[in-house]
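A.B. asks: Mind looking at a prediction? Sequence and model below.
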Amino acid sequence: MTTILLDPRRTLVFAGDSVTDCGRRTDPDGLGGGYVRTLYDDLGPRRPRIVNAGISGNRAADLAARWSADVLAHEPSVVSILIGINDTWRRYDEDDPTTAESFEESYRAMLDPLTCPVVVIEPFLLPVKAGQEAWREDLDPKLDVVRKLAVEYGAILVPADVELNRQAAAVGAATLANDGVHPTAAGHRAIADLWRRVVLED
């Protein structure tokens, strides 16, 4: 993977929700201020062309619906996907649940047309607010889907939920995501470091 990602002739597309978006649609560079920007800076002048295709609020079905225009149209050399927390969150704030089966169907719709290497990042939750621990009942089956599909499709799995919760035990969940979902600067740095370590060094 290192030879692909350190080649300016290649294209790396990051797809996801607000954690990926992170203001990219008002950023002149189109990168946003989160882990995508951090990785762009970290990879240096040999980096590939980097496209941020995150849109705040997206669920897996939303991402799948815009897949052709926002991801495939860039003819990616690598695609990195981070989606799933809104599929859980909407159950609790809008009584609009997404079943694990529906989530898997949407995720497969994204993976099936890809002919390039794929990185899948676990959606994550760092319980900060009262009641958020209960979200695990909904999120954990979706994490099982992401992990299963990573194996089935031969994708690289970035264990963000595992690693961020491990770090949160030491530094406090709010240090990494002050609402449990949206990373702080430290949280974005932790995601970028983990992505780089898993994708480029393992």
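C.D. replies: Yes, it's here. Residues are numbered from 1 along each chain as shown.

A.B. asks: middle-most residue in this protein, spatially?
C.D. replies: For the chain, Leu82 is the residue whose C-alpha lies nearest the centre (C-alpha atoms, centre = their mean; 1.9 Å).

A.B. asks: Quick check on that residue: phi, psi?
C.D. replies: Main-chain dihedrals, Leu82, degrees, to the nearest 10: phi -130, psi 100.

A.B. asks: So what's the residue count around Ser18?
C.D. replies: Ser18: 19 surrounding residues under other C-beta atoms under 10 Å. (Glycine included, C-beta is placed from N, CA and C.)

A.B. asks: And it, how close does it get to Arg10?
C.D. replies: To Arg10, Ser18 is 26 Å away according to C-beta to C-beta, to the nearest Å.

A.B. asks: for Asp70, same thing?
C.D. replies: 18 Å.

A.B. asks: Could you list the low-pLDDT ranges of this structure?
C.D. replies: Along the chain, segments meeting pLDDT under 70 span 202.

A.B. asks: Looking at the protein, which helix is longest?
C.D. replies: With secondary structure taken from DSSP state H, the chain has its longest helix at helix 136-153.

A.B. asks: Counting by contacts, list what that one packs against.
C.D. replies: With contacts taken as 3 or more C-beta pairs under 8 Å, 6 or more residues apart in numbering; DSSP states H and E, helix 136-153 sits against helix 85-93, helix 100-111, strand 118-121, strand 156-158.

A.B. asks: what about 7 Å?
C.D. replies: Under the contact criterion of 3 or more C-beta pairs under 7 Å, 6 or more residues apart in numbering; DSSP states H and E, helix 136-153 touches helix 85-93, helix 100-111, strand 118-121.

A.B. asks: To Val36, which of these lies closest?
C.D. replies: Closest of those to Val36 is strand 118-121, at 11.3 Å (criterion: C-beta to C-beta).
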